[in-house]
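# Just need the structure, nothing else, for what follows:
(2 chains)
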Amino acid sequence: MSRFLGLLRRHAWAFALVLAIALLIANLMVSPNFLSPARLPATLATLAPFVLVGFASTPSILSGGVDVSVGPLATFINCLFVAVLLPSGIGDWYAAIPILLLTAAGIGAMTGVLVAVVRLHPVVASTGVLFVLIGLSITISKSPVSATPNWSDPLAQSFGWIPGALVTMGVVALGWFFLRRTAFVANLLATGESDVSAYGSGVNVTAVRILAYALGGLFAGIAGIALSALLQSSQSSLATTYALLGLAAAVLGGTALGGGKGGLLGTFFGALVIYLLQQLLTAAGVQPSLVQFAYGFALVVGVLVGATLLNSRRVRSRA
Amino acid sequence: MSESREGLRLANVSKRFGATRALSDAHLRIGPGEVHTLLGENGSGKSTLVKIIGGVHRPDDGEFTLDGATVQQRGPRRMNALGIAVVFQEVLTAASQSVLDNIWLGSDGLFVRKLSLSKQRRRAAETLGRLVDGVDLDAPAGQLSLSERQAVCIVRALVREPRILILDESTAALDVQTRDRLFAEMRRLTAEGVGILFISHRMDEVQEISDRVTVLRSGRTISSVDRADLRIPQLIADMTGTSGHFERSERDHALGDSTLRAQNVRLRAGAVPIDFELRGGEMVGLAGLEGQGQDAFLKRLSGLAAGAGLVTRVIGPDIDVRQGNGAKLGVAYLPRERRGESLFESMSIRENFALPTLRQDRRGPFLDAKRMRERFGEYVSALGIRLGTQDDPISSLSGGSQQKVLLARWLATDPKVLLLNDPTRGVDIMTKREIYATLDRLCADGMSVVMLSSEVEELVELVDRVLVFRDQEIFTEIPRERLTTEAIVAAYFGQSTERAA
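This is a model prediction of the structure:
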């Protein structure tokens, strides 16, 4: 038993994985062709924004803070692309991608500065940014604007036989994979786990924090592109839908809200759980209001499991 | 002044924190190839000095040079780059990160590792192997024992190959074998020309390893002697100061019945259990260097902390003082941190006083403000609390007056036992005297008082006996006849003074 718990504790994402497999089976029972190859690119394309917003939430949580603005940041990037860049004729991929990603990373870095330098509480800082972003999105695109035909379309379809959503999610996963091999993730986790230890050991804690939020912003930018690919229109109204989903995905995936523990793999499974839950409930004909209820329920369960089962016997670093 | 191999030098260093002067005239020179021990009791400024060397604090004034060049203070990172590595007093590991990551924490850049991962692994294994055996580099640091985690912190400093190594009470958490291996490592490093600053609260260690010993008292360097001239009694005298003792108030009232009893209390697994009995009218002091168990013991007595053993209040029927219900049983506890643990900073002086005893001001379902005012008024005059009006914010008072208000708060609950956690910390001398007089009077009236104090003189002046804690056990109990500052400080450092002067 303790060995099993030890295994679960070492791999915090295991719980979300088990949940995701169960939900996948349930989905296949309700709609047997859920995983049919023909539908796969479209299925993955609806999954991608969940996963990417979850990825975007993860670095700031790992650093010991939280960024609730990454969901609205993704919708802001969506509005910026569809309602501003495309109509102004700078919507080509070689112009749009750098503009969108730099904007997103810059906004994330700003939140990071508010947290690490101005020393606002992360919830306060990112909630402020959240409202600014929602306001900006509505200003840019009061009502949905349809996108003119553009390069992002295959990202929601497929490149040859590669589903486009694998590209957006894959870029982030690959980036994270390389970051893990640098000192950055070690610095990030140490800062989140015990900023006193990290600072005392000579880690540049301020820079690590800012970079964590900037990285989250960058991922949110990619989420915004995936969202645009899926919708082919600007949807400022989605901002509130995505606001806390990323957080829920990260927490379900075993990333500790206290910081220092977790990673993108867990968040992926967490987002998968949320997505599969939504699909299941929709396919089973449950009203949309109850879908929201289920999110809430899943989040509470995730936090409870994380807090009681996985962390209860964690050895504190202080004697 | 030679420019290259002078080592680290601090001269005339001073540092203030608000109104407290942590360092006023500190001198220290750590030469290459020497183990230099820094000694001092609580609050002497040791930790502040270490944090200045480590780049955590910036000195207000004074010189700080390394091999003749002035050192600019810019955080721990900069100090590391200069070749100064500090192992801080706290065991600073990130519990869920691997041992390997913990060892290299802070050595690398933001993205770029200083060494390749395989080299880092080899170096870490080799260096760690000099202190402890059988530690898995990939295990999360939280799974290690305290001694092993401390070893990880020491290795974190060692892998940086420092010129100056600071070990701030690093041996406190180490087991004996690891400590012996650390000493061997220290000798090897000094042979290579590394300068080591060593801080320990064990005299046997100090005697064994030091090439030179500097004593700090009240933020000043008092003495600095070579190994050849090392004499323990002199060091203890230097730490305590020979400035003469305060007058001790004479209390000759008879002690009453027992009021509080502790049986088999253990503050850590395997510690010698503590049996303790407190009697009416008695004042007992608790002492020890920071974190040796006196604080935990006081909290056990108060019922705020739970643990092995039994604490019983024995006035009337025996009642078990369990977690949290101390106050209802006539046991009042005055916490150490006024801010955070005691004060409601945005509330008025009177509200701060009255909160636990509001019941006494009730008239029907409402509170009678006039009665509250009168009730507080009695304490204001009895304790000599200097305030504008009772409705002023508590923050308008000095630290000493705040402490008196808190004392009044708990006295109003009519306790039989008063537990005080360092009550005169940050309190000016006049107010201290007034608090002492109050405590004396309370004891004469039959109250039992247990006072934890980090100020040795105050214990000598005030209490009937002192329990000195070391390593979560009572090291010795000093009765009033033998109570001197030297006896207490010697006991801090594990020396018993049976041959009392």
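
# Now do residue A:178 against chain B, distance only.
10 Å (CB to the nearest CB, to the nearest Å). The way it works is simple: take the backbone N, C-alpha and C, and place the C-beta from them, glycine included.

# elements contacting the host helix or strand of that residue?
Of the helices and strands defined by DSSP states H and E, residue A:178 is found in helix A:164-181. Judged by 3 or more CB pairs under 8 Å, 6 or more residues apart in numbering or on different chains; DSSP states H and E, helix A:164-181 is in contact with helix A:40-62, helix A:153-156, helix A:205-231, helix A:264-283.

# Just send those helices back as JSON lines, with mean pLDDT too.
Output for the helices and strands packed on helix A:164-181, formatted as JSON lines (pLDDT from 0 to 100):
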{"stretch": "helix A:40-62", "mean pLDDT": "94"}
{"stretch": "helix A:153-156", "mean pLDDT": "92"}
{"stretch": "helix A:205-231", "mean pLDDT": "96"}
{"stretch": "helix A:264-283", "mean pLDDT": "90"}
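
# Whatever helix or strand comes next after the helix holding residue A:178 to helix A:40-62, inter-axis angle?
Where DSSP H and E defines the elements, the next helix or strand beyond helix A:164-181 is helix A:184-193. Helix A:184-193 and helix A:40-62 are oriented at 60 degrees to each other (axes from the mean of the first three to the mean of the last three CA atoms, to 10 degrees).

# avg pLDDT for helix A:184-193?
For helix A:184-193, the mean per-residue pLDDT is 92.

# Check stretch B:192-211 too.
91.

# Could you export the helices and strands packed on helix A:164-181 to JSON lines, including columns for distance to residue B:386?
Formatted as JSON lines, the helices and strands packed on helix A:164-181 follow (distance: least, CB to CB, whole Å):
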{"stretch": "helix A:40-62", "distance to residue B:386": "49"}
{"stretch": "helix A:153-156", "distance to residue B:386": "73"}
{"stretch": "helix A:205-231", "distance to residue B:386": "43"}
{"stretch": "helix A:264-283", "distance to residue B:386": "58"}
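
# Residue B:428 is nearest to which of the ones you listed?
For the helices and strands packed on helix A:164-181, proximity to residue B:428 was assessed by CB to CB; helix A:205-231 is nearest, at 36.9 Å.

# Can you name every helix or strand that that closest one contacts?
Judged by 3+ CB pairs under 8 Å, 6+ apart, helix A:205-231 is in contact with helix A:40-62, helix A:70-79, helix A:93-116, helix A:153-156, helix A:164-181, helix A:184-193, helix A:195-200.

# Would you mind finding the most buried of those helices?
helix A:70-79 (a mean of 32; mean count of other CB atoms under 10 Å in any protein chain shown).

# Find the nearest non-adjacent residue to residue 64, please.
Reading this off chain A. residue A:259 (3.1 Å; CB to CB, 6 or more residues apart in numbering or on different chains).

# I was thinking of chain B, sorry if that wasn't clear
Excluding the flanking residues, the one nearest residue B:64 by CB to CB, 6+ apart is residue B:71, at 4.7 Å.

# Could you report the separation of that neighbour from chain A?
15 Å.

# From residue B:404, how far out is that residue?
According to CB to CB, to the nearest Å, residue B:71 stands 43 Å off from residue B:404.

# now swap in residue A:61 and tell me
Distance, residue A:61 to residue B:404, by CB to CB: 45 Å.

# likewise residue A:159?
Residue A:159 is 77 Å from residue B:404, by CB to CB.

# Show me which of the two is the more surrounded one.
residue B:404 (27 against 12; other CB atoms under 10 Å in any protein chain shown).

# Helix or strand for the more buried one, just tell me which one.
With DSSP H and E as the test, residue B:404 turns up in helix B:399-411.

# Find the nearest non-adjacent residue to residue B:225, please.
residue B:213 (5.6 Å).

# Show me the beta-bridge partners of the one you found.
Counting by DSSP bridges, residue B:213 is bridged to residue B:37, residue B:225.

# what's around the closest residue to residue B:211 other than its chain neighbours, how many residues?
Computed as CB to CB, 6+ apart, the closest residue to residue B:211 that is not its neighbour in sequence is residue B:34, at 4.2 Å. Residues contacting residue B:34 under the criterion other CB under 10 Å number 21.

# before we move on, what about residue B:485?
23.

# Check what pLDDT the residue nearest to residue B:211 gets.
For residue B:34, the predicted pLDDT is 95.

# for it, phi and psi?
Dihedral angles phi and psi of residue B:34 (degrees, to the nearest 10) take the values phi -120, psi 150.

# Can you name the residues that contact residue B:446?
The contact partners of residue B:446, by CB atoms under 8 Å, 6 or more residues apart in numbering or on different chains, come to B:256, B:280-281.

# Show me which of those residues are buried.
Buried members of the contacts of residue B:446, counted by 16 or more other CB atoms under 10 Å in any protein chain shown: B:280-281.

# Let me know whether residue B:52 touches residue B:63 as I believe.
No: if you go by CB atoms under 8 Å, residue B:52 and residue B:63 don't touch, sitting 11.6 Å apart.

# who has more neighbours, the two?
Taking neighbours as other CB under 10 Å, residue B:52 and residue B:63 compare with residue B:52 leading, 25 against 13.

# Check which helices and strands the helix or strand encompassing that one sits against.
Secondary structure assignment for residue B:52, by DSSP H and E: helix B:46-53. Packing contacts for helix B:46-53, counted by 3+ CB pairs under 8 Å, 6+ apart, involve strand B:8-17, strand B:20-30, strand B:35-39, strand B:84-87, strand B:164-168, strand B:195-199.

# tell me what the third one is packed against?
Same thing as strand B:35-39. strand B:20-30, helix B:46-53, strand B:195-199, helix B:203-209, strand B:212-217, helix B:232-240.
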